[in-house]
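Student: need a structure here:
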Amino acid sequence: MTRPNAAILFEPSAYDAGQKLVKGRHVAGASFLEGFVRHADVDRYVGIGFHDSHAPAFRRQVAAIAGDDPVLSARPIGVYNTRRLDAIAAVGTYFIPDPQLPRFATARRIFGQRGFSLCGITHTISSLGVMEMLSDLLTAPVQSWDALICTSRAVRAAVLRQQEHYADYIEQRVGKRPYSPVRTPVIPLGVDAGRFARLGGDPAARAALRQRIGAGEDDVVALFFGRLAFHAKAHPVPMYLAAQRAARRLGTAGPRLHLVQTGQFPNKAAEDGYRGGAERFCPDVAVHFLDGADRGLSDASWAAADLFVSLSDNIQESFGITPVEAMAAGLPCLVSDWDGYRDTVVDGETGIRVPTWLPTAGNGTAVADAYGSENLNYDLYVGYTSQMTPVDVPAIADALEVLVRDPQRRRQMGEAGQRRARQRYDWSVVVSAYQELWAELAEARRTDTEIAPPSLPARHPKLADPFDVFGGHASASMRGDCIVRVDPDGVGLDALTALSANVFAANAMLGADETAALVDLIAGGEQSVGECLGKIAPERRVRAVRTLAWLVKYGVATLQDPKGKQG
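Tutor: Numbers count the residues shown, from 1 in each chain. Now for the predicted structure:
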C-alpha cells in the first residue's frame, strides 16, 4: 500500500543545488526532492509548474534520481500547470516549498476549499515578502487542513510572534482579533545521512586535501561550510578572534590549528572582508578558503576536517542544514546557540553550543521602520541585525581549545552526532514525518468545519465580480426587465467574428452554435432579458448574459430599459 502523496510545486531553480551562488533553500529543495523520490513510497510523482517549460525539468530531475531502480523508475511522472487545480485535488496535498499559502488558498477557494490541503515550509522568514505572507495567514482563506512546516522551534516561535503583532494591528483597526487555523508543526530539514557518512569517512580524500593545505597528521582542521557572506550568514570575525586565542593557548608545542572555509563569496567586498579579517585577527592560524562550487573540494572538506564550526548570528537563518551534514559526516560541531542549531546540536553530546544574545525588544524599531519604508534593503536589514547580535568569543575560544586538545572527545561527539543524524534527520525519517502530517491534514479536510465557505458574488476575497465592483461606471445594468430585440440594421455574426479584435474573449462566452441560437431566440419576438434567459439551460445562463452584452456591444441586438432608454 502506497503512502500519502503530494503534488509538488516545482520551479527549477528552487530545486537546483548546482547553480551559481547557491543558497540553503536551493540545497534544501534539491535534497528534499531526492529524499522524496527515494523514500516516499508513492504511486506516482506529480509536479506542478508555473510554466509548461517546467515540465521537462521536473521529469528529468525525478528520472535522474530514480536512476535504474526498477521500482522507482517504473512510477509515472505527471506534470501540470498551476492552473490545473483538479490535478492537485486528485493527489490531495499541494506541497509548496515556501510559506506562500495565502496565494494558493485564494486560488483554491474558487475551486473548492475542501479540494486539497496546502502544505508550505519555512526557510528564511526575515524578508518583507515572507513576513507579509505570514501575516496574511490571519486573513487569507486558509483552513485547519493546511499546514506550514516550521523547520525549528525557534522559527515557529518567530512565525507566531510575527502573527501576534499583525493580529494586534487588526484588532485595533476593526475591533476583532483574527487567528490563523493553519497548523505549524516542527519538522526539520533532512539529509542523505549515508552520503555524508561516506564523504566524511573517505581516507583518500582526507589525505589529499590535508596535503594540499599543508595540514600534518597531528594538526587539527576546523571546517566552516556555507555561504561566505558576513552580512547574511555568519560574521567570521568572532570566529577569527576565538581561533587566535585558542592558537596562542595551544602554542608551538600543541597541535597546529587550520581553519578551512569552504563556500562562495557573493562579491569582492565580501571576499575582502573575509580575507582581510583572517589576516588581521587570526595571524597564528592557518586559514584556507576553498571554492564551494568545486564538487571535489567541497566533498573532500568533510573528510579532511576534524571538527565543524558555524557561529550563525543572522536572522536570515532559520534551521541551518550544515551542522546536520557535519554530524552525518561524523564531525563534532562547535556552533552558536542560535535558531535551528539549538534543536540539532546536543550541547556536550554531539558538539558544543556557545551563547548568543539579542538586544531587548524595542531597540530595533528604527531598523524595522527603515526596512519597511525601503530606506534599508534586505541585505542591510539582516546585516544591521547581525552586527548587533553577539556570539560569546571567550566561550568559542574555550570550546575550540577543548576540542583541539582532546581527539577522543572529538571522536565520541562525532560518533554521537552521526547516530543522531541517521536517526532523526535522514530523509527516510523526515519524509515519513511529512507523510504522517499529510494524512492528518486529509482527515481534517474530511471532518473539520470549513471556515468562510465560498459564496457569490465574491469567492476571491480581494477580487469581486468586475460587473459588481464597477457597476457604477455604467448608465444602467442589464436587469431582467430590460427589453432585448434584434437590431434590423445590425451586422451578421459571420462579419462580426471575422475580426479577431471582436472575439478575443470568446472563451468566456457561449460557443458559436449557441450564440447563433441565442440570436434566433431574440429574433423570435420582443421579450425581456429575464424571459430570454429563462429559455436557456441554467448552467449556461451566466455565459448567455455575457454573450448578450457582447451582441449589444456590436449592434447585433439592442436593449431598452423600462423607462424607454435605448442601449
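
Student: Trp302 and Thr262, how far apart?
Tutor: 9 Å (CB to CB, to the nearest Å). Placement of C-beta: from N, CA and C, glycine included.

Student: give me the common contacts of those two.
Tutor: By CB atoms under 8 Å, 6 or more residues apart in numbering, Trp302 and Thr262 have these common neighbours: 223, 225.

Student: let me see the domain layout of this protein.
Tutor: For the chain, automatic domain parsing gives the domain ranges 7-189+432-447, 193-356+391-424, 474-560.

Student: among those, which is nearest Val382?
Tutor: Closest approach to Val382 among the domains of the chain is made by domain 193-356+391-424 (4.7 Å; CB to CB).

Student: okay, which residue is most central for this protein?
Tutor: Asp98 (1.6 Å; CA atoms, centre = their mean).

Student: and that one, what is it in contact with?
Tutor: By CB under 8 Å, 6+ apart, the residues touching Asp98 are 14, 25, 120-123, 130, 133.

Student: one more time with 7 Å
Tutor: When contacts are counted by CB atoms under 7 Å, 6 or more residues apart in numbering, Asp98 touches 120-121, 123.

Student: for it, which three-state class applies?
Tutor: For Asp98, the assignment made with DSSP: H, G, I helix; E, B strand; the rest coil gives coil.

Student: can you check Leu403 too?
Tutor: In three-state terms, and counting by three-state DSSP, Leu403 is helix.

Student: Leu510 and Glu279, how far apart?
Tutor: From Leu510 across to Glu279, the span is 76 Å (CB to CB).

Student: between these two, tell me which one has more neighbours.
Tutor: Leu510 (20 against 11; other CB atoms under 10 Å).

Student: wait, what's in contact with Pro4?
Tutor: Counting by CB under 7 Å, 6+ apart, Pro4 makes contact with 93, 435, 438-439, 442.

Student: with adjacent residues omitted, what lies nearest to it?
Tutor: Trp438 (4.1 Å; CB to CB, 6 or more residues apart in numbering).

Student: again, but for Gly115
Tutor: Gly115 sits nearest to Ala89 (CB to CB, 6+ apart), 4.2 Å away.

Student: neighbours of the one you found, just the number please.
Tutor: 17.

Student: was I right about it contacting Arg114?
Tutor: No: counting by CB atoms under 7 Å, Ala89 sits too far from Arg114 to count as a contact (9.1 Å).

Student: and of the contacts of Asp98, the nearest to Asp487?
Tutor: Distance to Asp487, by CB to CB, is smallest for Gly120 among the contacts of Asp98, at 53.9 Å.

Student: for the stretch 351-500 of the chain, which segments count as helices?
Tutor: 365-372, 378-387, 393-405, 407-420, 427-447, 466-469, 493-497 (DSSP state H, counting those that start in this stretch).

Student: out of these, which is the most enclosed?
Tutor: With neighbours defined as mean count of other CB atoms under 10 Å, the helices of the stretch 351-500 of the chain peak in mean count at helix 393-405, which reaches a mean of 20.

Student: which residues sit against that helix?
Tutor: Under CB under 7 Å, 6+ apart, the answer for helix 393-405 is 220, 238-239, 241-243, 245-246, 249-250, 254-255, 257, 307, 311, 332, 334, 352, 354-355, 409-410.

Student: how does it look with 6 Å?
Tutor: 220, 238, 241-242, 245-246, 249, 255, 307, 334, 352, 354, 410 (CB atoms under 6 Å, 6 or more residues apart in numbering).

Student: what are the contacting residues of stretch 164-183?
Tutor: For stretch 164-183, contacts defined as CB under 6 Å, 6+ apart pick out 135, 137-139, 142-144, 146-148, 163.

Student: still on that earlier bit, want to throw the helices of the stretch 351-500 of the chain into CSV with mean pLDDT and distance to Asp168?
Tutor: CSV is the format used below for the helices of the stretch 351-500 of the chain (pLDDT from 0 to 100; distance: least, CB to CB, whole Å):
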stretch, mean pLDDT, distance to Asp168
helix 365-372, 94, 14
helix 378-387, 95, 21
helix 393-405, 98, 36
helix 407-420, 98, 39
helix 427-447, 98, 28
helix 466-469, 88, 30
helix 493-497, 90, 56
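
Student: any chance of those in a markdown table, plus distance to Ala64?
Tutor: Converted to a markdown table, the helices of the stretch 351-500 of the chain look like this (distance: least, CB to CB, whole Å):
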| stretch | distance to Ala64 |
| --- | --- |
| helix 365-372 | 40 |
| helix 378-387 | 33 |
| helix 393-405 | 39 |
| helix 407-420 | 27 |
| helix 427-447 | 16 |
| helix 466-469 | 46 |
| helix 493-497 | 48 |
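
Student: can you check which of those gets nearest to Phe196?
Tutor: Nearest of these (CB to CB): helix 407-420, 8.6 Å.

Student: just the angle for the closest one relative to helix 393-405, thanks.
Tutor: Interaxial angle, helix 407-420 versus helix 393-405 (axes from the mean of the first three to the mean of the last three CA atoms, to 10 degrees): 100 degrees.

Student: what is the least confident helix or strand in this protein?
Tutor: helix 466-469 (a mean of 88; mean pLDDT, DSSP states H and E).

Student: okay, that one in CSV with CA atoms only?
Tutor: Extracted in CSV, the C-alpha atoms of helix 466-469 (Å, rounded to 0.1, in the frame of the first residue of the first chain):
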residue,chain,number,x,y,z
PRO,A,466,-16.0,43.4,-12.0
PHE,A,467,-19.6,43.9,-13.0
ASP,A,468,-20.3,44.4,-9.3
VAL,A,469,-17.3,46.5,-8.2
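
Student: start at 25 instead
Tutor: All set: I'll call the first residue 25, so the last point we hit is now helix 490-493.

Student: elements contacting that helix?
Tutor: Judged by 3 or more CB pairs under 6 Å, 6 or more residues apart in numbering; DSSP states H and E, helix 490-493 is in contact with no other helix or strand.

Student: returning to what we had before: who wins for proximity to His484 among the domains of the chain?
Tutor: Nearest to His484, of those and by CB to CB, is domain 31-213+456-471 at 6.0 Å.

Student: chain center to that closest one, what's the gap?
Tutor: Using CA atoms, centre = their mean, to the nearest Å, the distance from the centre of domain 31-213+456-471 to the centre of the chain it belongs to is 7 Å.

Student: Ala390 and Phe494, how far apart?
Tutor: 42 Å.

Student: no no, Ile194
Tutor: Applying CB to CB, the value for Ile194 to Phe494 is 28 Å.

Student: so for these two, which sits in the more crowded spot?
Tutor: More neighbours surround Ile194 than the other of Ile194 and Phe494, with 15 against 10 (other CB under 10 Å).
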